[in-house]
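>>> From the sequence below, what's the structure:
(chains A and B)
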There are 2 protein chains.
Amino acid sequence: MPAPFPPVDLSRVTRLLNIGPTVLVSACHDGTENVMAAAWCCALDFMPPKLTVVLDKSTFTRRLVEASGEFGIQIPVVDLATQVHALGTLSRNSEADKLDRIGVRMFRFDGCGVPFVEGCAAWLACRRVAEPHNESAYDLFIGEVTAAWADARVFRNGRWDFAGAPPGMRTLHHVAGGHFHALGEPIDA
Amino acid sequence: MPAPFPPVDLSRVTRLLNIGPTVLVSACHDGTENVMAAAWCCALDFMPPKLTVVLDKSTFTRRLVEASGEFGIQIPVVDLATQVHALGTLSRNSEADKLDRIGVRMFRFDGCGVPFVEGCAAWLACRRVAEPHNESAYDLFIGEVTAAWADARVFRNGRWDFAGAPPGMRTLHHVAGGHFHALGEPIDA
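Purely as a prediction, here's the structure:
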């Protein structure tokens, strides 16, 4: 069971994405779940909060998003690096037991149908904003964030704050292949 | 004069953005230049490389992009944090001498009309891919990257590698207001 994580005020949701983390995209349709890794996810608007995410036509997760009209974006951390890499390389198209093989543990927040991955730093429930031209021409999906939650050890008072948190709770930023960088020290302008 | 920076192969351009850095957007029309900071810039496609960037309707830079059809995306580093914050808070709409006040030094690469900011880690010259609905409804612009260059101290062999580089050469990741995080240590899955 995950700890009870506090909700993030919708007016602060874009802050979760400003740091440019690698994310996991989760979705469920008709009882079938999947999760993929994505480096191409970005804030789009403040209020209501929106984001963009690129979902290749070959991905199993994209079909679940199209069928259900909703998806989850979650922000994994250093402790999940091996799982994140596996989620971005194995496909449920050929590996029906992908999530079990990788050992991903799923959970749901009360009152929200989107499946989420345990052990992340933040979770964003999204409603697909249908834009067929973008989806077809660019694989670009727009989501409106309807609810969000974060682990208060690293995101509190509406902003990231890693002071005092374990190093394994740092966000991941994709370099290439199985290589990432963790987020580093604070810099104040 | 900036050092001679090697070009980045177009097939590797998305790697520059995968880490999710805060960027600077530069543009020029009819001899008028401007630069703004943006946390909402993201890779969109591999080849030809494309990216998305959100440019609010109120920004001076957006009008230069619309008029000229091209813009620059550059990836600033810790040593530029104070300038990045100022470029994101001052507007040339009210401060005609914005760039001089902030002390930004501009330069151009041979054969490329886009103005760029000195002292960054990488520079991407972009051609606007006109998508009027996205621009109007979401302030979302698509750019095709036509050329890119990077500082070989931190990006070489087609990937980020900060080993041996000065700490001030780390990329910036926006938290809130004038607060950023530098990119941290490598994590291999």
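
>>> How is the residue of chain A found nearest chain B assigned, secondary-structure-wise?
Closest residue of chain A to chain B, CB to the nearest CB: residue A:20 (1.5 Å). The way it works is simple: take the backbone N, C-alpha and C, and place the C-beta from them, glycine included. At residue A:20, secondary structure determined by DSSP: H, G, I helix; E, B strand; the rest coil is coil.

>>> Name the residues of stretch A:100-112 that come out as buried.
Residues of stretch A:100-112 classed as buried under the neighbour-count rule (16 or more other CB atoms under 10 Å in any protein chain shown) are A:102, A:104, A:109.

>>> What of stretch A:181-189?
A:181-184, A:187, A:189.

>>> could you pull out the strands for chain A?
In chain A, strands defined by DSSP state E lie at A:23-29, A:32-38, A:41-45, A:50-54, A:70-75, A:106-107, A:116-117, A:122-129, A:140-150, A:155-156, A:159-160, A:172-176, A:179-188, listed in chain order.

>>> For the nearest residue to residue A:53 once chain neighbours are set aside, which residues are in contact?
In space, and not counting its chain neighbours, residue A:53 is closest to residue A:41: 4.3 Å by CB to CB, 6 or more residues apart in numbering or on different chains. Counting by CB atoms under 8 Å, 6 or more residues apart in numbering or on different chains, residue A:41 touches A:17, A:23, A:25, A:51-54, A:73, B:42.

>>> now the residues you listed as a markdown table including neighbour count, pLDDT and distance to residue B:175?
Converted to a markdown table, the contacts of residue A:41 look like this (neighbours: other CB atoms under 10 Å in any protein chain shown; pLDDT from 0 to 100; distance: CB to CB, whole Å):
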| residue | neighbour count | pLDDT | distance to residue B:175 |
| --- | --- | --- | --- |
| A:17 | 26 | 98 | 11 |
| A:23 | 30 | 98 | 17 |
| A:25 | 27 | 98 | 23 |
| A:51 | 25 | 98 | 17 |
| A:52 | 27 | 98 | 20 |
| A:53 | 25 | 98 | 21 |
| A:54 | 23 | 98 | 24 |
| A:73 | 27 | 98 | 18 |
| B:42 | 26 | 98 | 18 |
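
>>> so which of the residues you listed would you say is closest to residue A:139?
residue A:54 (5.2 Å; CB to CB).

>>> Specify the beta-bridge partners of that closest one.
residue A:140 (DSSP bridges).

>>> thinking again about what came up before, per-residue confidence for the residue nearest to residue A:53?
Reported pLDDT at residue A:41 in the predicted model: 98.

>>> now do residue A:137
Value for residue A:137, per-residue pLDDT: 98.

>>> How about residue A:18?
Note for residue A:18: predicted pLDDT of 98.

>>> Assess the claim that it and residue B:179 are in contact.
No. In this structure residue A:18 lies outside contact range of residue B:179 using CB atoms under 8 Å: 9.9 Å.

>>> ok, the two, which is more surrounded?
Of the pair residue A:18 and residue B:179, residue A:18 is the one with more neighbours under other CB atoms under 10 Å in any protein chain shown, namely 22 against 17.

>>> Please give me every residue in contact with the more buried one.
Residue A:18 is in contact with A:43, B:22, B:39-40, B:173-176, counting by CB under 8 Å, 6+ apart.
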